[in-house]
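In: I'd like to go over a predicted model; first the sequence, then the structure.
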Amino acid sequence: MEKPVKPHRLLRHMASCRSGGAATEFAIVAFPFFAIVFMIINVGLVFFAQQTLQTATTQAARLIMTGQAQKSNMNAAQFQQQICAFSATLLSCGNIYTNVQTFSSFGSVTMPNPNQNGAFNSSAFAFNIGGSGDIEVVQVFYQWPLFANLLGTRFSNMIGGSQLLVATAAFRNEPYLSQ
C-alpha cells in the first residue's frame, strides 16, 4: 500500500515537473487571450463601420446641401439608397435608417434618440430636405451586429447584441436656383 502524498510535497513536485508545462500554461492563458483578441477585432470592426457610415452620410448630405436632392424631388427611400450606394461594401441597406430635419437656427437643433431602453424606435424620424439657405441636420442610424461578447463585457447598446451606429451632418444649404 502506497503512502499518501502530503499536499506541500505534491505542489513542489508539480512545480519542478516540466513535462506538459507549456500545454498547461497555454490552457490557463488561452481563454483570456482569445477573448481579448476577439474584443480588439470587434472594436476595430465597429470603428471601421462607423467611419464608413459617416463617410456615406457626408457624401449623401452633399446632395441636399448643394440642392441636387431638391431639384430631383428626392424622397426618403431614394436618399437612403444614395447612402446605401456609398456604403454598400460593408453595410446592409436594409438596416440603414435616416432622419433629415430642417431648423431655423443652429441653436434650435434637436436630435431624436432612437435607442429606447435597448430597442430601436424610428417613429420620430422625418424627411425634410428644406430649401436654399435652410439649416439641415442629417442623421443616419445603423444597427451593427457584434459577433462576440466575451468575458462578461457588454459592448452592445441594443437588445440582441448589436451596436447602434450614428452618423450626423449639420449644415446650411447652399444658395441655389430653384427650377
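Out: Structure's in. What do you need? Numbering: from 1, shown residues only.

In: only C-alpha atoms for contact and neighbour calcs from this point on.
Out: Noted.

In: Report how many residues lie close to residue 33.
Out: The number of residues packed near residue 33 is 11, by other C-alpha atoms under 10 Å.

In: Check residue 172 too.
Out: Neighbour tally, residue 172, other C-alpha under 10 Å: 20.

In: same thing with residue 112?
Out: 12.

In: swap in residue 108?
Out: 8.

In: residue ranges of the strands in the chain, please?
Out: Here the chain has its strands, by DSSP state E, at 96-103, 115-116, 119-120, 135-145, 162-172.

In: the helices in this structure, which residues?
Out: Using DSSP state H, the helices assigned to the chain run over residues 7-16, 21-65, 68-71, 76-87.

In: tell me the mean pLDDT for the first one?
Out: Mean per-residue pLDDT for helix 7-16: 64.

In: do you know which of the helices of the chain lies nearest residue 105?
Out: Ranking those by proximity to residue 105 (C-alpha to C-alpha) places helix 21-65 first, at 15.5 Å.

In: Would you point out the helix or strand in this structure whose mean pLDDT is lowest?
Out: The weakest-scoring helix or strand in the chain, judged by mean pLDDT, DSSP states H and E, is helix 7-16 (a mean of 64).

In: Export the helices of the chain to TSV and append columns for distance to residue 166.
Out: Output for these, formatted as TSV (distance: least, C-alpha to C-alpha, whole Å):
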stretch	distance to residue 166
helix 7-16	53
helix 21-65	7
helix 68-71	22
helix 76-87	13
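
In: In this model residue 157 seems to touch residue 145, though I could be wrong.
Out: No. Checked against C-alpha atoms under 8 Å, the pair residue 145 and residue 157 is beyond contact range at 10.6 Å.

In: Common neighbours of the two, please.
Out: residue 163 (C-alpha atoms under 8 Å, 6 or more residues apart in numbering).

In: low pLDDT regions in this structure?
Out: For the chain, the stretches with pLDDT under 70 are 1-3, 5, 7-8, 10-19, 148-155, 178-179.

In: The same query, at a cut-off of 80, please.
Out: 1-23, 88, 146-158, 160-161, 177-179 (pLDDT under 80).
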